[in-house]
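Participant: For reference, the sequence and a predicted model appear below.
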Amino acid sequence: MPVARPDSSGARIIAHVDLDCFYVQVEQRKQPKLRGLPTAVVQYNEWKGGGLIAVGYEARNYGVKRSMRGDEAKEVCPQIELVQVPVARGKADLSSYRNAGSEVVSILARKGRCERASIDEVYLDLTDAAEAMLAQTPPESLDEVDEEALKSHILGLESKDGNDSKATVKEWLCRCDADHRDKLLACGVLIVTELRMQVLKETEFTCSAGIAHNKMLAKLASGMNKPAQQTTVPFSSVKGLLDSLPIKKMKQLGGKLGTSLQNELGVTTVGDLLKFSEDKLQERYGFNTGTWLWNIARGISGEEVQARLLPKSHGSGKSFPGPRALKTVASVQHWLNQLCEELSERLCSDLEQNKRIAHTLTLHASAFKSSDSDSRKKFPSKSCPLRYGTAKIQEDTFNLFQAGLREFLGSFGVKTQGSHYSGWRITALSVSASKIVPVLSGTCSITKYFNGPDKFGSTSEQLPDNFIDAAPLSPSGSESYSTLNSTELQNELPGEQVWIEHSMADLGQLEMKANTWNRLDPSCSISKQTSGQWFHSGTESSSSLDQNKPQNRDDSRMRSVPIKSNQQEHKKSALKDKGASSILNFFKSGDLSCSSGNHDTEHAETLLPLGDCLSESNKKQVNIPKERLDNSTGDCLSESNQNQVNIPKERLAEAATTSTTTDRCGSDQIQQRSESWKLRIEEIDPSVIDELPKEIQDEIQAWLRPSKQPHRVKRGFTIADYFSPSKNRLEQ
DNA sequence: CTTGGCCAGGTAA
DNA sequence: TTTACCTGG
Ligand SMILES: Nc1ccn([C@H]2C[C@H](O)[C@@H](COP(=O)(O)OP(=O)(O)OP(=O)(O)O)O2)c(=O)n1
């Protein structure tokens, strides 16, 4: 359910950017002869020509629709070019699209806080950039406006033929008697024009964009004029827009909730919602959703653009429809192994390129019972701590499946296990990795100790942007914004036969640089090659706390609800996941043993396929600009701050003085990094701590102290916890 | 279950 | 916390 959040006061400038028929563009770039031809991307063309998942604009003119079969598309448009989704391990492989999406994100993140909303969409908070432009080079001062910007659409701007003429647009953009909001919006239009041109120049992809004062309106705007166009929604045209907007067109109302609004309340347009009181909406749809509905009817949406460039989870799945449903444990295991291989590969890339580790492994399956016809029981999802290494993931996943199967079958159906008549059918399997956090960061003494005293000077290497700045696309091509220099790594891989050694070298970079690890485990011999790049300064963490602050731009019209804090969850997960997913245990466990040989080589097969990840050549390099996140506004969300026990206070103070000159990384990354501190600390074997210098022991104790305090405030509460007496009664 | 597949993010209990 | 469900690309 949507949750209302405080709207900002002083107008924000928010953009939503959406690539046009994205997968089709990716395939047309790969195969330029397809440009201009009616084209669609299809997966699995064996059966009825496969299913379309993306349709180019030329083909749309023939009535070709997504979710048509390839055969249907051919009927409607015989000359259509159908490009198949790549297949690997017997399943669709979406990596080329993920990588292309990353290219775009790295460009769009240049002018303000950027949130990856999907594989081909981002939100941008351009408020600061727009304010800066307005102060320095306001549109009204320009002699000439870029031709491309003049093609913008300004909702509500009356012009002949319903077509915004360039002269009219220029006049609107450069009006000196416009109010502040509209002037900022005009700046946003110019900035987004530049960004879109840059995307086209660097990636050959066209995109469409919406520019407005919040995410909801920006998203609506981006869809108004496609492809390769942009639209802005001035404040003055919001009411008119929502009054006539069909309720189901609003994000989050395209499903059951929207249908219920239509059927139960007789609502047809978003504007119709204005007729209902907040109480009434809450009564019917719950507290949070009621408030959210009340707000969106008025064009109010205070949701912040989250600074997050990377996905929060990775998943790999496959369905087995109809006659292909899996009937035996062996076939299930085979497919789970394939899915786990892919997942492990992607986790490996994420680790290498983004220095992130996932902590939770989850198995989802769909099943039915062939015997007892309509037992409506669902196959239960199961999760467990994630242990790195393909074989570990496969083993753990299979155990999750077996646990789920036992539960699914319940007390009966057990008799026929080995035979053909298993009594159950699996129609879908998927395995995913979540709770992904950056591996250690910071400039504390423990880090310096591990790094050696001389590694970091005052260069940009220790600045926060180091984490995601200047990122080459990874050699494996997976999503990455890290600093890891891929060409260096490739140079480390002269021949195939040494890939295991080099994998081990790469693994050695995990968490501890080589000499660090040697201190903790003398049996391990590791290359020091790129170790200096593993650690990041503490100022990045602290300074970017800034981004979590509400911007004191609250809209007084807005009805707000308490915001749930996630900090508590982070603490708990840090405590609970202790063990299996720890990097230290990761190294200590046999399957990722170091090369110097104490460990059995039977584990070789379980090594992460880092060699594979590195084997492909790097084609393009796209950098993230240094000024990327320079637009944060000051202090930190009180909610976050109060539970942000992981970062020592003195470093917060230190950061406050340096934050204006340093680049910032995303607040989500900050949060995650803070958690990773905690994980590190709590996962470190006490006996290891004892061997460290006194200075470091003290620091560790200092870190641990706040997290061991009892909760000061009840956080992480839900609205129900807070307001529902029935729930409390239930618990007695 | 009986072919729209393969994801990803979010809320609620 | 994990799990179910919803919504979207
Ligand atoms: N049910 C869906 C919807 C989308 N996609 C993929 C393919 C699309 O190319 C990409 C982006 O989705 P969009 O909804 O943005 O649609 P397109 O980019 O294809 O077209 P448009 O130009 O209308 O945005 O996500 C998918 O695999 N399955």
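Facilitator: Arrived safely. Residues are numbered from 1 along each chain as shown, chains lettered A, B, ... in the order given.

Participant: and the stretch 251-400 of chain A, which of its residues are near DNA strand C?
Facilitator: Within the stretch 251-400 of chain A, the positions adjacent to DNA strand C are A:251-258, A:360, A:362, A:378, A:380-383 by C-beta under 7 Å from any atom of the strand. Yep, even glycine has a C-beta here, placed from its N, CA and C like the rest.

Participant: Give the burial count for residue A:49, as a bare number.
Facilitator: The number of residues packed near residue A:49 is 18, by other C-beta atoms under 10 Å.

Participant: Without its sequence neighbours, what residue ends up closest to it?
Facilitator: Among residues not flanking residue A:49 along the chain, residue A:70 sits closest, at 2.2 Å (C-beta to C-beta, 6 or more residues apart in numbering).

Participant: ok so, going back, just the buried residues out of the residues of the stretch 251-400 of chain A next to DNA strand C, in ChimeraX syntax.
Facilitator: If you want just the buried ones from these in ChimeraX, going by 16 or more other C-beta atoms under 10 Å, the selection is:
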select /A:253,257,258,360,362,380,382,383
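
Participant: Where does confidence bottom out across the residues of the stretch 251-400 of chain A next to DNA strand C?
Facilitator: Minimum pLDDT for those is recorded at residue A:378 (94).

Participant: quick one: it and DNA strand B, what's the gap?
Facilitator: According to C-beta to the nearest atom of the strand, to the nearest Å, residue A:378 and DNA strand B sit 8 Å apart.

Participant: list the contacts for that residue?
Facilitator: Applying C-beta atoms under 8 Å, 6 or more residues apart in numbering to residue A:378 gives the contacts residue A:366.

Participant: Now do the SS call for it.
Facilitator: Counting by DSSP: H, G, I helix; E, B strand; the rest coil, the backbone at residue A:378 sits in coil.

Participant: May I have the phi/psi pair for it?
Facilitator: Residue A:378 adopts backbone torsions of phi -90, psi 150, taken as degrees, to the nearest 10.

Participant: Now do it against the ligand, distance only.
Facilitator: Remark: distance between residue A:378 and the ligand (C-beta to the nearest ligand atom, to the nearest Å) = 23 Å.

Participant: how many other residues sit next to residue A:211?
Facilitator: The burial count for residue A:211: 33, using other C-beta under 10 Å.

Participant: Chain A against the ligand: which residues are in contact?
Facilitator: For chain A, the residues in contact with the ligand (C-beta under 6 Å from any ligand atom) are A:18-23, A:53-54, A:119-120, A:226-227.

Participant: hmm, which of those are the buried ones?
Facilitator: Buried among the residues of chain A next to the ligand by 16+ other C-beta under 10 Å: A:18-23, A:53-54, A:119-120, A:226.

Participant: Residue A:360 contacts residue A:386, doesn't it?
Facilitator: Yes - assessed by C-beta atoms under 8 Å, residue A:360 is found in contact with residue A:386 at 5.7 Å.

Participant: Tell me who's in contact with residue A:20.
Facilitator: When contacts are counted by C-beta under 8 Å, 6+ apart, residue A:20 touches A:57, A:205-208, A:226-228.

Participant: can you do 7 Å?
Facilitator: Taking C-beta atoms under 7 Å, 6 or more residues apart in numbering, we find residue A:20 in contact with A:206-208, A:226-228.

Participant: what sits against residue A:24?
Facilitator: Residue A:24 is in contact with A:39-41, A:54-56, counting by C-beta under 7 Å, 6+ apart.

Participant: In strands only, show me those residues.
Facilitator: Here DSSP state E is the test, and these give A:39-41, A:54-55 as lying in strands.

Participant: Among those, which ones lie close to DNA strand C?
Facilitator: Okay, of these, nothing touches DNA strand C (C-beta under 7 Å from any atom of the strand).

Participant: of all these, which two lie farthest apart?
Facilitator: Greatest spatial distance among the ones in strands among the contacts of residue A:24 (C-beta to C-beta): A:39 and A:54, at 8.8 Å.

Participant: Sketch out the low-pLDDT regions of the stretch 51-200 of chain A for me.
Facilitator: For the stretch 51-200 of chain A, the stretches flagged by pLDDT under 70 are A:160-164.

Participant: Which parts of it are helices?
Facilitator: Under the criterion DSSP state H, counting those that start in this stretch, helices of the stretch 51-200 of chain A are mapped to A:57-60, A:70-76, A:95-108, A:127-136, A:166-174, A:180-203.

Participant: so which of those helices comes closest to residue A:340?
Facilitator: helix A:95-108 (15.9 Å).

Participant: Now that closest one: buried residues?
Facilitator: Across helix A:95-108, burial judged by 16+ other C-beta under 10 Å covers A:95, A:97-108.

Participant: From these, pick the one nearest DNA strand B.
Facilitator: Nearest to DNA strand B, judged by C-beta to the nearest atom of the strand, of those is residue A:98 at 6.1 Å.

Participant: surely that closest one meets residue A:120?
Facilitator: No - contact criterion C-beta atoms under 7 Å: residue A:98 and residue A:120 do not qualify, at 9.9 Å.

Participant: hmm, back to that, can I get the buried residues of helix A:95-108 in a markdown table with distance to DNA strand B?
Facilitator: As requested, the buried residues of helix A:95-108 are exported to a markdown table (distance: C-beta to the nearest atom of the strand, whole Å):
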| residue | distance to DNA strand B |
| --- | --- |
| A:95 | 9 |
| A:97 | 9 |
| A:98 | 6 |
| A:99 | 11 |
| A:100 | 13 |
| A:101 | 10 |
| A:102 | 11 |
| A:103 | 16 |
| A:104 | 15 |
| A:105 | 12 |
| A:106 | 16 |
| A:107 | 19 |
| A:108 | 16 |
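
Participant: Give the next helix or strand downstream of the helix ranked longest in chain A.
Facilitator: In chain A, taking DSSP state H as the definition, the longest helix is helix A:329-354. Next helix or strand after helix A:329-354 toward the C-terminus (DSSP states H and E): strand A:356-369.

Participant: That following strand packs against which elements?
Facilitator: Here strand A:356-369 touches helix A:329-354, strand A:382-385, helix A:390-409, strand A:424-438, going by 3 or more C-beta pairs under 7 Å, 6 or more residues apart in numbering; DSSP states H and E.

Participant: just the angle between that strand and helix A:390-409, please?
Facilitator: Computed by axes from the mean of the first three to the mean of the last three C-alpha atoms, to 10 degrees, the angle separating strand A:356-369 from helix A:390-409 equals 30 degrees.

Participant: Strand A:356-369 pairs with which strands, and in what direction?
Facilitator: strand A:382-385 (antiparallel), strand A:424-438 (antiparallel) (DSSP bridges).

Participant: From residue A:283, how far out is whichever residue of the stretch 101-250 of chain A sits closest to the ligand?
Facilitator: Nearest residue of the stretch 101-250 of chain A to the ligand: residue A:120, at 4.3 Å (C-beta to the nearest ligand atom). Per C-beta to C-beta, to the nearest Å, residue A:120 is found 38 Å from residue A:283.

Participant: Also residue A:197?
Facilitator: Taking C-beta to C-beta, one finds residue A:197 at 49 Å from residue A:283.

Participant: What of residue A:18?
Facilitator: For residue A:18, the distance to residue A:283 - C-beta to C-beta - is 36 Å.

Participant: same question, residue A:98
Facilitator: For residue A:98, the distance to residue A:283 equals 43 Å [C-beta to C-beta].

Participant: Residue A:212 is in contact with residue A:301, correct?
Facilitator: No - the criterion here is C-beta under 7 Å, and residue A:301 misses it with residue A:212 at 9.7 Å.

Participant: Compare those two (neighbour count), which wins?
Facilitator: Ranked by neighbour count (other C-beta under 10 Å), residue A:301 and residue A:212 place residue A:212 first, with 31 against 25.

Participant: can you pull the contacts of the more buried one?
Facilitator: Going by C-beta under 7 Å, 6+ apart, residue A:212 touches A:14, A:218, A:221, A:232-233.

Participant: Any of those residues buried? List them.
Facilitator: Buried, going by 16+ other C-beta under 10 Å: A:14, A:218, A:221, A:232-233, out of the contacts of residue A:212.

Participant: From the residues you listed, which land in helices?
Facilitator: Per DSSP H, these map to helices at A:218, A:221.

Participant: Closest one to residue A:176 out of the buried ones among the contacts of residue A:212, please.
Facilitator: residue A:232 (18.0 Å).
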